[in-house]
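**Q** Just the structure for this:
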Amino acid sequence: MQSVENDTAEADRAVSIFFSYSRQDRDRALPIIRMLEGRGFNVWWDGLLEGGTAFARTTEAALESADAIVVLWSETSVQSHWVRDEATRGRDRGRMVPVSIDGNQPPIGFRQIQVLDLTKWKGKENAPEMDELVRAVLAVSGNSDLQLPVTKAAPTAGPGRASRRAVLVGGGAALVLVGGGLAWWQFRPPADDGRTGIAVLPFENLSGDPEQAYFSDGLTSEIRTVLARNHQLQVIGSVSSDSFRDKQEEMDSIGKALGVAFLLNGNVQKMGEIVKITAGLINVATGASTWAESFERPLADIFALQSAIAAAVASALKATMDADFANSGGPELGGTRSVAAFDAFHRGRALFDLHIDEASERAALAKFDEAIRIDPQYAAARAARSRALGVIANQYQTSADRKRSMDEAVAEARRATEIAPRYAAGFSALGYALFYGRLDVRGAREPFERAFEFANGEIDVLSRYAIFCARTGRFAEARMAIEQASALDPLNASVFRTEGIILFAAREYEKAIAAGRHALSINPKRNSVNGDIGDSYVMLKDLDAARASYEAEKNTLNGLTGLAIVHFLQGQPEAAQASLDGLIAEHGDNALYQKAQVLAQWGRPDDALQTLEEARRLQDSGLVYLLNDPFMDPIRDRPRFQQMLKQAGFV
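**A** Below you'll find the model as predicted:
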């Protein structure tokens with residue numbers, strides 16, 4: 001029933017707001033912007049960027065992607081062509097929240113939506129007017145069911161209370177308080193095993209060009225990876241650390257939320273062939289800077305800079321450097337010595353992490369191809385190319401095309417492991433391609449085990465290993481791996497979705513629901529989680545709750561499959577058939593396994609088995625669920641089903 005687990009790195013984010021106003025109203029706009037940021041929203045406004053072509057391009061992108069568009073109407077803004085254009089797009093998208101700060105009404109054409117009156121607002125963050133504005137934003141963004149986020153007043157800075165901006169010019173991050181406080185989100189703290197806990201916060205891009213953000217993000221990721229190789233450090237994962245991007249929050253609050261003693265903060269400015277990096281290490285308990293330094297070097301020295309920063313941090317923490325530090329960017333650990341290949345790889349990675357559509361996946365693939373052309377020994381690029389091919393094959397291709405892509409993914413990942421025999425992501429990509437692409441359970445086990453051995457806290461590697469263990473009935477190992485992942489990335493909704501999948505396969509349905517709800521508390525928009533919760537409700541025979549969950553699921557591969565089953569079990573065969581027909585019409589052969597689930601639950605065992613055999617012939621990745629999928633219980637004892645388990649290597 002669940003969709004293939006190929007997106008553990010999906011970006012988790014808060015509700016985004018585009019804030020439109022006249023620059024003459026800037027002083028009145030800023031307190032509203034700060035209030036919204038304090039309530040946990042990601043607010044885009046033109047003060048974040050300088051002008052120019054890149055600014056216009058970024059403005060348009062922000063306007064099109066925002067969940068809500070807040071328009072500040074005033075005597076000056078009603079005359080602004082810019083504000084009118086932005087308001088027009090907000091109105092046409094059904095995302096506009098109009099606000100008046102001086103009693104002026106919107107221009108004709110914008111008065112069909114009720115205007116919120118802030119003329120009497122005195123700047124109090126928790127005032128009723130602000131609650132009303134937040135409710136309106138949640139409503140137009142489709143999140144009206146969320147708990148109203150509350151701003152916490154920031155205490156006066158002092159020992160242990162230093163903000164990112166105060167510690168390092170250009171930082172800035174605030175807690176994302178969607179559905180509750182950060183402390184509540186943490187299922188479990190990092191283990192107290194004597195290691196020093198540290199989080200690498202996203203280095204800020206100071207280039208003046210938002211399109212260069214991939215470079216600062218790539219540098220942050222590389223430093224995080226190098227530090228994680230030091231076994232005396234416990235490094236928090238990227239999703240949790242990056243959740244504080246572009247926010248304002250006290251450093252001690254961030255540290256407590258992430259369960260770490262130290263925070264590494266910084267910024268990057270790339271100017272042609274020169275790169276300038278400023279980095280600082282903060283003691284969370286005292287708020288004091290333990291180490292800080294600025295570097296200005298030729299871009300060609302970027303790899304030495306990564307190692308130098310990691311070594312300086314380790315030295316400041318009195319963590320002995322091991323042999324891995326000396327080779328932090330070398331080919332034997334998946335890296336490259338080519339700046340051009342490094343640049344192409346991180347451009348591709350930024351595209352791949354978007355997970356928008358097939359075009360963005362193929363654009364990422366093209367960048368990985370470019371990186372490999374420049375440096376054929378770049379194992380990280382080969383592993384990433386394998387993952388991109390796997391995603392394209394599973395989500396967008398059918399039959400022969402899918403098989404070709406998955407065969408290529410296997411070959412590419414295998415080459416990555418040959419180049420870098422201690423590179424965890426290479427082995428993880430190989431295990432993934434063998435398991436999901438060829439249903440080769442026996443062949444996938446060794447690379448997954450090697451990946452886990454070399455993981456060094458890599459969240460995606462741990463999560464994929466945990467899923468493989470669960471799918472093959474090794475629940476103790478699955479729990480161990482996912483607990484490591486959730487301790488290291490406590491604000492990553494995908495990790496808790498994976499925990500729910502494991503618990504469902506282990507038939508611990510109530511715990512699976514709790515894990516799913518926890519994932520949604522972190523990211524209410526996370527795909528597939530409502531469907532996962534619905535699966536558990538079916539097994540608990542709470543069909544009304546299951547139906548509600550499936551109806552809330554945006555991933556139709558999950559939602560329509562679940563509705564076809566629930567409608568049938570509730571005595572609505574016509575609605576059940578309509579859901580199955582919709583599933584097949586939308587997903588075609590990619591839904592063969594889900595079709596078999598439905599037929600098994602409808603009491604049509606022969607049809608279900610025939611569909612599974614067709615799925616096996618076409619190498620449908622859904623077959624990875626076979627061993628312990630409760631929806632297949634009606635046909636589990638059939639000889640043909642048992643034969644399929646043997647053919648795949650499950651038994």
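**Q** And the strands in the stretch 201-350 of the chain?
**A** 204-205, 233-235, 262-271, 274-283, 289-298 (DSSP state E, counting those that start in this stretch).
**Q** Find the nearest non-adjacent residue to residue 262, please.
**A** residue 198 (4.5 Å; Cβ to Cβ, 6 or more residues apart in numbering). Glycine gets a C-beta too; all of them are placed from N, C-alpha and C.
**Q** Quick check: mean pLDDT of the helix or strand hosting that neighbour?
**A** Per DSSP states H and E: residue 198 is located in strand 196-200. The average pLDDT within strand 196-200 is 93.
**Q** Using TSV, please lay out the strands of the stretch 201-350 of the chain together with mean pLDDT.
**A** Compiled in TSV, the strands of the stretch 201-350 of the chain are given as follows (pLDDT from 0 to 100):
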stretch	mean pLDDT
strand 204-205	90
strand 233-235	91
strand 262-271	91
strand 274-283	92
strand 289-298	88
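**Q** can you list the ones you listed in JSON lines and add mean neighbour count?
**A** Converted to JSON lines, the strands of the stretch 201-350 of the chain look like this (neighbours: other Cβ atoms under 10 Å):
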{"stretch": "strand 204-205", "mean neighbour count": "22"}
{"stretch": "strand 233-235", "mean neighbour count": "24"}
{"stretch": "strand 262-271", "mean neighbour count": "23"}
{"stretch": "strand 274-283", "mean neighbour count": "21"}
{"stretch": "strand 289-298", "mean neighbour count": "14"}
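**Q** Residue 531 is nearest to which of those?
**A** Counting by Cβ to Cβ, residue 531 lies closest to strand 233-235 out of these; the figure is 32.1 Å.
**Q** ok, that closest one: who's next to it in the sheet?
**A** Strand pairing for strand 233-235, determined by DSSP bridges: strand 196-200 (parallel).
**Q** what angle do the strand it pairs with and strand 274-283 make?
**A** 140 degrees (axes from the mean of the first three to the mean of the last three Cα atoms, to 10 degrees).
**Q** so what are the domain limits for this protein?
**A** Split into domains by automatic domain parsing, the chain comes to 16-140, 164-329, 555-651.
**Q** Figure out which of the strands of the stretch 201-350 of the chain is closest to residue 33.
**A** Set against residue 33 and scored by Cβ to Cβ, these come closest in strand 204-205, at 18.0 Å.
**Q** Point out the other helices and strands that that closest one packs with.
**A** Contacts defined by 3 or more Cβ pairs under 8 Å, 6 or more residues apart in numbering; DSSP states H and E place strand 204-205 against helix 213-228, strand 262-271.
**Q** what about residue 606, how many residues close to it?
**A** When neighbours are defined as other Cβ atoms under 10 Å, residue 606 has 11 of them.
**Q** Point out where the stretch 201-350 of the chain drops to low pLDDT.
**A** The stretch 201-350 of the chain contains residues with pLDDT under 70 at 319-332.
**Q** typo on my end, the stretch 451-600 of the chain
**A** Ranges of the stretch 451-600 of the chain meeting pLDDT under 70: none found.
**Q** would a markdown table of the strands of the stretch 201-350 of the chain with distance to residue 386 be doable?
**A** Output for the strands of the stretch 201-350 of the chain, formatted as a markdown table (distance: least, Cβ to Cβ, whole Å):
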| stretch | distance to residue 386 |
| --- | --- |
| strand 204-205 | 29 |
| strand 233-235 | 25 |
| strand 262-271 | 29 |
| strand 274-283 | 29 |
| strand 289-298 | 32 |
